[in-house]
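**Q** Okay, structure incoming, though there's no sequence with it:
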């Protein structure tokens, strides 16, 4: 089986609103942090850029590292 690992934040984390959409695909998840710079796109969506790529020291962003079953529905 092919799996994918994603760092998720906010409403995509366990116990939050959107997690139920991922739950059928979740094999495991664990708390994780990343050094990144957070931005909000004009459409309102958050985006994280790794601190090195943002040429910034970044901030420590808390989230979850989720391992998901690979499925075409997730990539559509």
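**A** Noted; the coordinates are in hand. Computed from a predicted structure; not experimentally measured.
**Q** what about the helices in this structure?
**A** 19-22, 72-75 (DSSP state H).
**Q** now the first one, how far from the centre of its chain.
**A** Average the C-alpha atoms of helix 19-22, do the same for its chain, and the two points are 12 Å apart (C-alpha atoms, centre = their mean, to the nearest Å).
**Q** Give the buried residues for that helix.
**A** Within helix 19-22, the residues scored as buried using 16 or more other C-beta atoms under 10 Å are 19, 22. The way it works is simple: take the backbone N, C-alpha and C, and place the C-beta from them, glycine included.
**Q** Now do that helix: everything it contacts.
**A** For helix 19-22, contacts defined as C-beta atoms under 8 Å, 6 or more residues apart in numbering pick out 8, 11, 12, 13, 66, 68.
**Q** In this structure the third one contacts residue 25, no?
**A** Think residue 12. No. Between residue 12 and residue 25 there is no contact under C-beta atoms under 8 Å: 11.9 Å.
**Q** List the buried residues of the longest strand seen in the chain.
**A** Secondary structure of the chain per DSSP state E: the longest strand is strand 26-40. For strand 26-40, the neighbour count (16+ other C-beta under 10 Å) marks 29, 34, 36, 37 as buried.
**Q** Please name every helix or strand in contact with it.
**A** strand 3-8, strand 46-50, strand 59-69 (3 or more C-beta pairs under 8 Å, 6 or more residues apart in numbering; DSSP states H and E).
**Q** Quick check, pLDDT for residue 73.
**A** Per-residue confidence (pLDDT) for residue 73: 64.
**Q** and the closest residue to residue 39 other than its chain neighbours, how many neighbours does it have?
**A** Excluding its sequence neighbours, the residue lying closest to residue 39 (C-beta to C-beta, 6 or more residues apart in numbering) is residue 47, at 5.2 Å. Neighbour count for residue 47, taken as other C-beta atoms under 10 Å: 10.
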